[in-house]
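Trainee: would you be able to build a 3D model of this:
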Amino acid sequence: MSTNTPVRLALIGAGRIGSNHAELVARHVPGATLVAVADPTPNADRLADDLDVSVVERSAQAVLDRSDVDAVLITTPARTHADLVAQAAAAGKHVFVEKPMAVTLDEADRAIAAAANAGVVLQVGFNRRFAPGWVAARAAIEAGRVGTPQLLRSATRDPGPFSADPARIPPGTIFLETLIHDFDALCFLNPGARPVRVTALADALIRPDAKAAGHRDTAVVTIEFDNGAIATAEASFSALYGYDVRAEVFGSGGMVTAGNGRTSDMTYYGPEGIGIDTARRDTDLLRSAYLAEFVAFTRAIRTGTPAPVTGTDARIALSVALAAVRSAATGRAVEIADLVAEVTA
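Mentor: Residues are numbered from 1 along each chain as shown. The predicted structure follows:
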């Protein structure tokens, strides 16, 4: 594709995160244009009207059949991702897919192979790799300013109060859809290292009444890497003060941190005391990161270069998530190599 030709993108899945992505692409990504929205619900019509998009389709395949679509943004429920990646690749469309790319390693391998065989760009939505604090932390680590990474931490605390119906949250969600961001971030902040062993503990501290049905809303995971570093990742579904994501890398030569939950560096001093504005949504706190990942996706398509977050990156994070699911269920540490061996057996 010529670097002067706009990339024509279609959205598949017009829910909350899909609508956020569509707005960024339609209004803020240079070299990209949103040409279609696909969703079986009225969300598609409302979003298309708001963004002046003329094409609304009810199925993903209808979008994939269009000759005026170069690439798709897949923001449907997680368990549909791998199939849609394979369908899009078979149709010759470049793919941006929200995390997780798949929910099993077999699915991940199929999605990766489909994109490779079709020669299309496959990028996965791990937005923290594009957030300024995480980018700066990675640069400091690569420059040797932290020395050898020894202890790493990552946290995701979704804004509360928690109001979702636990019965509608699939088992393992806290690992596969929430902490998977942290697993990828920890790999990103420990460059060149691979996770090898996972130990996880999860409970229903926010909705203990739902625990017997398999709901888990609070978790801590320990990850051991092949370079000796030890990492912890934690998640909660209800932070009453807002959306909170943070990271820390401590090494032999220093430490870096990223994230603080603030929407700006303004601090208010008033009769009630001292206060700061905190983000209520990921799309508020990480807006610049979301924008940067779509700019990078568009650039990869126009220049014919690899995506900055690949299917292989997503598979590594997924392997940690699946190991955490098993560890939480069994109460034992899980070797990632054992999970991989099961796939290839």
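Trainee: now Ile112: closest residue in space, sequence neighbours ignored.
Mentor: Gly311 (3.8 Å; CB to CB, 6 or more residues apart in numbering). Bear in mind the C-beta positions are built from the backbone N, C-alpha and C, glycine included.
Trainee: residues contacting the one you found?
Mentor: The contact partners of Gly311, taken as CB atoms under 8 Å, 6 or more residues apart in numbering, are Met101, Ala108, Ala111, Ile112, Ala115, Leu122, Val124.
Trainee: for the second one, what is the enclosing helix or strand?
Mentor: Following DSSP states H and E, the helix or strand that holds Ala108 is helix 105-118.
Trainee: after that helix, next one along is what?
Mentor: According to DSSP H and E, the helix or strand after helix 105-118 is strand 122-125.
Trainee: got a list of contacts for that following strand?
Mentor: By CB under 8 Å, 6+ apart, the list of residues contacting strand 122-125 reads 85, 89, 94-99, 101, 111-112, 115, 293, 296-297, 300, 307-311, 313-314.
Trainee: from the residues you listed, which land in helices?
Mentor: Among the contacts of strand 122-125, DSSP state H puts Val85, Ala89, Ala111, Ile112, Ala115, Glu293, Ala296, Phe297, Ala300, Gly311, Asp313, Ala314 in helices.
Trainee: quick revisit: show residues contacting the helix holding Ala108.
Mentor: By CB under 8 Å, 6+ apart, the list of residues contacting helix 105-118 reads 81-83, 85-86, 89-90, 92, 95, 97, 101-102, 121-122, 311-312, 314-315, 318-319, 322, 339-340, 343.
Trainee: could you flag which of these are buried?
Mentor: Neighbour counting by 16 or more other CB atoms under 10 Å classes 81-83, 85-86, 89, 95, 97, 101-102, 121-122, 311, 314-315, 318-319, 322, 339 among the contacts of helix 105-118 as buried.
Trainee: what angle sits between the helix or strand where Ala82 lies and helix 105-118?
Mentor: Assessed by DSSP H and E, Ala82 sits inside helix 81-90. Counting by axes from the mean of the first three to the mean of the last three CA atoms, to 10 degrees, helix 81-90 points 10 degrees away from the direction of helix 105-118.
Trainee: off-centre distance for helix 81-90?
Mentor: 18 Å (CA atoms, centre = their mean, to the nearest Å).
Trainee: check stretch 294-310 too.
Mentor: 16 Å.
Trainee: now the end-to-end length of that stretch.
Mentor: 14 Å (CA to CA, to the nearest Å).
Trainee: other residues contacting it?
Mentor: By CB under 8 Å, 6+ apart, stretch 294-310 touches 1-3, 5, 7, 21, 24-25, 29-32, 70-71, 94, 96, 121-126, 129-130, 184, 293.
Trainee: helices or strands next to the helix holding Ala82 in the packing?
Mentor: Where contact means 3 or more CB pairs under 8 Å, 6 or more residues apart in numbering; DSSP states H and E, helix 81-90 is packed against helix 60-64, strand 71-74, strand 94-98, helix 105-118.
Trainee: what sits against Ala89?
Mentor: Val95, Ala111, Ala114, Ala115, Asn117, Ala118, Val120, Leu122.
Trainee: got the residues you listed as TSV, with pLDDT and distance to Ala60 columns?
Mentor: Listed next are these as TSV, based on pLDDT from 0 to 100; distance: CB to CB, whole Å:
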residue	pLDDT	distance to Ala60
Val95	98	12
Ala111	98	14
Ala114	98	14
Ala115	98	16
Asn117	98	19
Ala118	98	16
Val120	98	15
Leu122	98	16
